[in-house]
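J.: need a 3D model of the sequence below.
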Amino acid sequence: MSDKDESLSEVNVIPLADLSLVLLIILMVMSPMISQALIQVTAAKAAAALTREELRTPQPETPIIVTYAPGALKLNGVVMGSDIEFVTRLDGIMPSRRDKSVLLTVSPEMIHGKVVRLMDLIKRHGAETLVLVKWDAAAPANQAASRS
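T.: Numbering: from 1, shown residues only. As a prediction, this is how the structure comes out:
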């Protein structure tokens, strides 16, 4: 048997080491760029500044509360007949407000897709901040008892 007949059974690790070092260098160069892209600096807007009169006489705005339960969509306690009525009332309320946040509480019995659709609807019609509030299961019982 000669040297030519023997098969080479060793693995050549030099190309693997070269490749891993090149990938490490690429990662080291790219990581500062990626971290800088994630940090967004928000500039202050002159339109958001309060005048002295507004600072002296603060008039708190009533929060916008949306309640979503099976068969009942409420905007500030008023039952909406349809999504179109909800959107129309929301479009009437949002432009005149300084605080463009909406509080949303949803029944645990609601389907996830419908809740996401409602959240998207609220955001598209002027809400800048959407706050999810935990559903209070005792609230309907308390409201019914207080009305009787």
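J.: the residue positioned nearest the centre of the chain sits in which helix or strand?
T.: Nearest to the geometric centre of the chain sits Leu130, at 7.2 Å (C-alpha atoms, centre = their mean). Assigned by DSSP states H and E, Leu130 belongs to strand 129-133.
J.: partners of that strand, with directions?
T.: Using DSSP bridges, strand 129-133 pairs in its sheet with strand 101-106 (parallel).
J.: let me know the average pLDDT across the very next helix or strand once past the strand it pairs with.
T.: Downstream of strand 101-106, the next assigned helix or strand under DSSP H and E is helix 112-124. For helix 112-124, the mean per-residue pLDDT is 85.
J.: how far off centre is the strand holding Leu130?
T.: Relative to the centre of its chain, strand 129-133 is centred 9 Å away, using C-alpha atoms, centre = their mean, to the nearest Å.
J.: what's the neighbour count on Val115?
T.: For Val115, the neighbour count with other C-beta atoms under 10 Å is 15. To be clear about C-beta, it is placed using only N, CA and C from the backbone, and glycine gets the same treatment.
J.: again with Asp83
T.: By other C-beta under 10 Å, 12 other residues sit near Asp83.
J.: mind naming the longest helix for this structure?
T.: Assignment by DSSP state H gives helix 14-38 as the longest helix of the chain.
J.: pLDDT (mean, whole number) over that one?
T.: For helix 14-38, mean pLDDT rounds to 87.
J.: repeat for stretch 91-100
T.: 84.
J.: can I get that stretch in CSV? Just the C-alpha atoms.
T.: Extracted in CSV, the C-alpha atoms of stretch 91-100 (Å, rounded to 0.1, in the frame of the first residue of the first chain):
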residue,chain,number,x,y,z
ASP,A,91,-63.4,61.2,15.4
GLY,A,92,-65.6,63.8,17.0
ILE,A,93,-63.8,63.6,20.4
MET,A,94,-60.1,63.2,19.5
PRO,A,95,-59.2,66.3,17.5
SER,A,96,-60.1,68.7,20.3
ARG,A,97,-58.1,67.0,23.0
ARG,A,98,-54.6,67.7,24.2
ASP,A,99,-54.4,64.3,25.9
LYS,A,100,-54.7,61.8,23.1
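J.: what angle do helix 112-124 and the strand holding Leu130 make with each other?
T.: Orientation check (axes from the mean of the first three to the mean of the last three C-alpha atoms, to 10 degrees): strand 129-133 against helix 112-124 gives 140 degrees.
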